[in-house]
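A.B. asks: Just a sequence and a predicted model for now, questions to come.
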Amino acid sequence: MDPTSKNAAPQDRRYAVGLMSGTSVDGIDAALIEIREGAASERPEVRLIAFENTPYPAEARDEIFALFDPSRATVDRLGLLNVWLGELYAEAALSVIGSAGMAPEDVAVIGSHGQTIYHAPEPQRADGYDLRFTVQIGEGAVIAARTGIPCVSDFRPADMAEQGQGAPLVPFTEYLLYREERRTLLLQNIGGIGNVTVLPAGGGPERVYAFDTGPGNMLIDGVVAALYPGMTMDAGGAIAAGGSVDGPLLDRLRQEPYYALPWPKSTGRERFGAAYVAELLRYREERGMSPADLVATVTRLTAWSIGDAYRRWIRDRDPAELLIVGGGGSYNPVLLRFLKQEMEPMGVRVATQEEVGHHSDAKEAIAFALLADYAIAGRPNNLPAVTGARRPAVLGKISYAYRE
Ligand SMILES: Nc1ncnc2c1ncn2[C@@H]1O[C@H](COP(=O)(O)OP(=O)(O)OP(=O)(O)O)[C@@H](O)[C@H]1O
Ligand SMILES: CC(=O)N[C@H]1[C@@H]2OC[C@@H](O2)[C@@H](O)[C@@H]1O[C@H](C)C(=O)O
């Protein structure tokens, strides 16, 4: 094929960087991957070459949290943080490339998820239009300018423009990379929010579905940060291990209407953020509950919500053999123990990404590298069955770099 033709196949072997900064705002994940076209280009082969996590500077982290409150997210602050994060993301990309002894010229594309500041996937009626929007910041033009590498960013709006939820996007790459002929797999990410992807045995892309199960670490982190000054997470589940689950509170929390909503559905801080945590803290004070008991209870709730999602929406249609847990929650042994107690009686084995030969932390960054690789080639990279979009779309906005 003429390599200059518009339809030229992408280079056989290429390198891409993926940047992810998730809803828990713990930092920037950067993955450098090698992509090779698989047989008949059906399944790309991906190899992780380098991975780094750079914590956000405290100042930037504080500003991100401040802007989660829409009344404080004025255009001047949002505009500034957008380019500020662009600088931080560019540094993270250059650093992971350097760590592998490679140069920016070796890398074909950067895919940057950005920082979600606000997500409003349900249509809002205005002027006769049904409007959905989502705000991810971290300016792609800055990333491209600093690195000299084309950057694909802002992936979600193109899916929403087709009436999709704009989330979750990672199932597209999970389908490419994990699907099996004989086993139905559940891929459960426990980040800030929890989300599950169902890959039915031997099924095509139209059989995949995925949705947010509810809180991931968001409630655990929120409660810990409020009750244990200086801490941002329940590292190793140490606090939950010393507490007991409060049955009446757990029962009450299970009534949250989100769990009973049918998919497609997605959620975020708007539902399980500061206001929700403030209510939990009030309840604890009124009842004189110990801090550790509250942490244990929200840990149990998080595991329950994952089991509940399987019981309610998945088990009857796609009985699964294995649930693979990824995201920071897989480093919390108490959460994992509770999750096993939920899933194993239903015949689903629980394993971590590491236990099946992958990397929990790098998974989403790898996904955005691969999504960018599709975007830059003009190939559709959403799963309409998953997001609810009415048709496939090419997600991501491209900022080209000027190369001398
Ligand atoms: N050693 C650990 N012990 C307990 N919890 C941990 C540990 N390491 C990470 N976590 C939890 O994982 C969270 C970060 O998870 P992750 O990086 O997967 O989230 P994210 O990518 O920001 O979120 P999302 O996937 O929802 O966008 C931390 O905030 C913390 O709650
Ligand atoms: C709007 C947004 O940032 N959503 C995140 C969030 O964090 C987990 C879950 O909620 C998922 O829907 C999504 O991220 C991943 C990367 C996704 O789109 O697949």
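C.D. replies: Here it is on my side, so go on. Numbers count the residues shown, from 1 in each chain. Ligands and ions are numbered 1, 2, ... in the order given.
A.B. asks: contacting residues around the longest helix along the chain?
C.D. replies: Taking DSSP state H as the criterion, the chain has its longest helix at helix 75-99. Here helix 75-99 makes contact (Cβ atoms under 8 Å, 6 or more residues apart in numbering) with 17, 19, 21, 28, 30-32, 50-52, 54, 56-57, 60, 63-64, 66-67, 103-104, 106-107, 110, 112, 114-115, 117, 135, 137-143, 145-147, 149. Every residue, glycine included, has its C-beta placed from N, CA and C.
A.B. asks: ok, then the element right after that helix?
C.D. replies: Using DSSP states H and E, the helix or strand that directly follows helix 75-99 along the chain is strand 109-112.
A.B. asks: Now the element after that next one, going C-ward?
C.D. replies: strand 115-126.
A.B. asks: For the closest residue to ligand 1 within the stretch 301-404 of the chain, grab the count of nearby residues.
C.D. replies: Closest approach of the stretch 301-404 of the chain to ligand 1 (Cβ to the nearest ligand atom) occurs at residue 328, with a separation of 1.8 Å. Other residues near residue 328 number 21, with proximity taken as other Cβ atoms under 10 Å.
A.B. asks: What are the neighbouring residues in contact with it?
C.D. replies: By Cβ under 8 Å, 6+ apart, the contact set of residue 328 is 24, 26, 190, 191, 216, 217, 233, 360, 361.
A.B. asks: If we use 10 Å, what do you get?
C.D. replies: With contact set as Cβ atoms under 10 Å, 6 or more residues apart in numbering, residue 328 has these partners: 22, 24, 26, 189-192, 216-217, 220-221, 233, 335, 360-361.
A.B. asks: Can you tell me how far it is from residue 310?
C.D. replies: To residue 310, residue 328 is 21 Å away according to Cβ to Cβ, to the nearest Å.
A.B. asks: thinking again about what came up before, okay, angle between the longest helix of the chain and strand 115-126 too, please.
C.D. replies: Computed by axes from the mean of the first three to the mean of the last three Cα atoms, to 10 degrees, the angle separating helix 75-99 from strand 115-126 equals 140 degrees.
A.B. asks: So which bits of helix 75-99 are buried?
C.D. replies: Buried residues in helix 75-99, defined by neighbour count with 16 or more other Cβ atoms under 10 Å: 78, 81-82, 84-94, 96-97.
A.B. asks: Can you tell me how far the residue of the stretch 301-404 of the chain closest to ligand 1 is from residue 302?
C.D. replies: Residue 328 is 12 Å from residue 302, where distance means Cβ to Cβ.
A.B. asks: now do residue 12
C.D. replies: Note on residue 12: its distance to residue 302, by Cβ to Cβ, is 43 Å.
A.B. asks: quick one, which of the two is more surrounded?
C.D. replies: Counting neighbours by other Cβ under 10 Å for residue 12 and for residue 302 shows that residue 302 has the greater number, 26 against 8.
A.B. asks: now, which of the contacts of residue 328 lie close to ligand 1?
C.D. replies: Among the contacts of residue 328, the residues lying close to ligand 1 (Cβ under 6 Å from any ligand atom) are 22, 24, 26, 189, 191, 192, 216, 217, 220, 221, 233.
A.B. asks: Adding neighbour count, write those residues out as TSV.
C.D. replies: Supplementary listing: the ones next to ligand 1 among the contacts of residue 328 in TSV, determined by neighbours: other Cβ atoms under 10 Å:
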residue	neighbour count
22	22
24	22
26	20
189	30
191	21
192	25
216	28
217	29
220	29
221	22
233	19
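A.B. asks: would you list those in JSON lines and tack on pLDDT?
C.D. replies: Output for the ones next to ligand 1 among the contacts of residue 328, formatted as JSON lines (pLDDT from 0 to 100):
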{"residue": "22", "pLDDT": "88"}
{"residue": "24", "pLDDT": "80"}
{"residue": "26", "pLDDT": "86"}
{"residue": "189", "pLDDT": "95"}
{"residue": "191", "pLDDT": "93"}
{"residue": "192", "pLDDT": "93"}
{"residue": "216", "pLDDT": "96"}
{"residue": "217", "pLDDT": "97"}
{"residue": "220", "pLDDT": "98"}
{"residue": "221", "pLDDT": "97"}
{"residue": "233", "pLDDT": "96"}
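A.B. asks: Dig out what residue 50 forms beta bridges with.
C.D. replies: Residue 50 forms beta bridges with residue 32, as assigned by DSSP bridges.
A.B. asks: how about residue 108, what does it touch?
C.D. replies: 10-11, 14-17, 35, 149-150, 369, 372-373, 376-377.
A.B. asks: Reformat the residues you listed as a markdown table; add distance to residue 43, neighbour count and secondary structure.
C.D. replies: A markdown table is the format used below for these (distance: Cβ to Cβ, whole Å; neighbours: other Cβ atoms under 10 Å; DSSP: H, G, I helix; E, B strand; the rest coil):
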| residue | distance to residue 43 | neighbour count | secondary structure |
| --- | --- | --- | --- |
| 10 | 14 | 16 | coil |
| 11 | 17 | 13 | coil |
| 14 | 16 | 18 | strand |
| 15 | 18 | 21 | strand |
| 16 | 16 | 25 | strand |
| 17 | 21 | 33 | strand |
| 35 | 11 | 22 | strand |
| 149 | 25 | 26 | coil |
| 150 | 24 | 21 | coil |
| 369 | 16 | 32 | helix |
| 372 | 18 | 29 | helix |
| 373 | 13 | 25 | helix |
| 376 | 19 | 22 | helix |
| 377 | 15 | 16 | coil |
